[in-house]
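> The following block contains a protein sequence and its predicted model.
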Amino acid sequence: MRILLTGRSGQVGYELERSLQGLGEVVALDRAGMDLSNLDQVRETILGLRPALIVNPAAYTAVDRAESEPELAMRINGEAPAVMAEAARRIGAAMIHYSTDYVFDGSKPGPYSEDDATAPINVYGRTKLAGEQAIEASGIPYLIFRTSWVYGARGHNFLLTMQRLARERDELRIVADQTGAPTWCRTIADTTAHVVTALQCAPAQAGLNEPRWREKTGLYHLAAQGQTTWHGFAQTIVAHGSSIRKPRVLPITTQDYPLPARRPANSVLSCDKLIREFCGLPAWDDALKLCLE
């Protein structure tokens with residue numbers, strides 16, 4: 001089975017290229033190989049490679065910059081997945097796509113399920129929701145994984161920012177009124193590989209096991225278990241850090257740290273559906289310890 005992986009240089013794509021090894025012929029492309037802002041190139045690349053499975057972690061992820069670049073964010077997050085899904089339909093391929101907790105407004109008091117109404121409050125969330133809806137409407141076998149607060153040991157993310165600031169400052173002031181589940185990019189990649197393996201079990205032929213994919217097609221939440229705040233996340237990073245320097249981590253409110261894009265106050269995702277259908281997920285702090293080690 002040929003697997004087309006986008007965004008290989010991103011933090012999730014980097015891990016996926018490794019986790020998917022052995023499940024098929026992985027063709028991993030970065031922006032130079034397939035630029036999602038060039039819709040014609042996206043279409044031509046897929047039709048040329050004719051993969052059985054498209055795995056798409058590539059996205060416009062600059063949440064605050066998206067407020068001033070809504071057209072570009074929509075092209076990459078909304079229109080490009082639509083083109084991918086249409087090309088997948090033409091060649092009989094399936095698709096795995098990654099979305100975000102930011103499709104919700106954060107007003108719900110408890111964890112969000114896949115059936116809860118979406119109401120994004122920023123450009124990034126609206127564009128990611130558009131991508132979800134385009135894939136769902138395409139008629140192809142698909143899995144959409146919504147995740148949250150993604151971090152890793154490379155790229156640009158909260159973990160690396162906190163580690164840098166901890167080396168530079170005596171005090172960190174971190175937002176404490178937004179709740180979510182920090183999710184290691186390797187957890188996302190390994191879970192994806194596990195799901196692909198489960199769906200490809202006992203295939204009728206070497207290609208895509210389409211009946212099994214059709215049976216499990218849909219939207220799933222994929223995030224670490226448990227919850228914390230950005231302040232709690234930062235405290236744990238500092239506490240488990242290898243540096244002798246341990247700055248004070250002080251709680252502040254969202255209003256104390258204004259940003260161009262609004263953030264949901266509650267980003268906790270219920271992953272019961274994925275756990276029931278496929279596999280368990282680690283606690284956020286256990287995964288963080290592994291990442292730091």
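Happy to help now that I have it. Residues are numbered from 1 along each chain as shown.

> Show me where the stretch 101-250 of the chain has its strands.
Secondary structure of the stretch 101-250 of the chain by DSSP state E, counting those that start in this stretch: the strands cover 142-147, 150-151, 171-175, 179-180, 183-184, 218-221, 228-229, 248-252.

> Pick the most buried one from those strands.
Scoring the strands of the stretch 101-250 of the chain by mean neighbour count under mean count of other CB atoms under 10 Å gives strand 183-184 as the most buried, with a mean of 26. Glycine gets a C-beta too; all of them are placed from N, C-alpha and C.

> any chance you could map the helices in the stretch 151-293 of the chain?
Taking DSSP state H, counting those that start in this stretch as the criterion, the stretch 151-293 of the chain contains helices spanning 158-168, 185-199, 210-216, 230-240, 272-277, 284-292.

> can you put the strands of the stretch 101-250 of the chain in TSV and add distance to residue 78 and mean pLDDT?
Formatted as TSV, the strands of the stretch 101-250 of the chain follow (distance: least, CB to CB, whole Å; pLDDT from 0 to 100):
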stretch	distance to residue 78	mean pLDDT
strand 142-147	13	98
strand 150-151	19	98
strand 171-175	28	97
strand 179-180	23	98
strand 183-184	23	98
strand 218-221	16	98
strand 228-229	30	98
strand 248-252	33	96
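
> Among those, which comes closest to residue 121?
strand 179-180 (14.6 Å; CB to CB).

> for the closest one, packing partners?
For strand 179-180, the contact count by 3 or more CB pairs under 8 Å, 6 or more residues apart in numbering; DSSP states H and E identifies strand 228-229 as packing neighbours.

> Mind listing residues that contact the strand it packs on?
175-182, 236, 251, 284-285 (CB atoms under 8 Å, 6 or more residues apart in numbering).

> 10 Å instead?
Here strand 228-229 makes contact (CB atoms under 10 Å, 6 or more residues apart in numbering) with 149, 174-182, 234-236, 251, 268, 284-285, 288.

> Give me the local confidence score for residue 155.
We have a pLDDT of 86 for residue 155.

> Tell me how many other residues surround the closest residue to it other than its chain neighbours.
The shortest distance from residue 155 to any non-neighbouring residue, by CB to CB, 6 or more residues apart in numbering, is to residue 11 (3.9 Å). As a burial measure, residue 11 scores 24 neighbours (other CB atoms under 10 Å).

> Next: the one 3 residues further on.
The burial count assigned to residue 14 is 22, neighbours taken as other CB under 10 Å.

> got the phi/psi numbers for it?
When read as degrees, to the nearest 10, the backbone of residue 14 gives phi -60, psi -50.

> Can you list the strands that the one helix or strand residue 54 maps to pairs with?
Assigned by DSSP states H and E, residue 54 belongs to strand 53-56. Neighbouring strands of strand 53-56 in its sheet, by DSSP bridges, are strand 2-5 (parallel), strand 94-100 (parallel).

> Could I get the average pLDDT for the shortest one?
If I follow you right, that is strand 2-5. Here the average pLDDT along strand 2-5 is 97.

> how close does the residue nearest to residue 155 get to residue 285?
19 Å (CB to CB, to the nearest Å).

> ditto for residue 229
13 Å.

> Equivalent analysis for residue 50, please.
Counting by CB to CB, the gap from residue 50 to residue 285 is 43 Å.

> which of those two has more neighbours?
residue 285 (18 against 13).

> Quick check: closest non-adjacent residue to the more buried one.
residue 236 (6.0 Å).

> Distance check, the one you found against residue 99.
For residue 236, the distance to residue 99 - CB to CB - is 26 Å.

> before we move on, the earlier item: my understanding was that the residue nearest to residue 285 contacts residue 292; is that so?
Yes - look at residue 236 against residue 292 with CB atoms under 10 Å: they come within range, at 9.1 Å.

> what do these two both touch?
residue 159.

> Perfect, that will be all.
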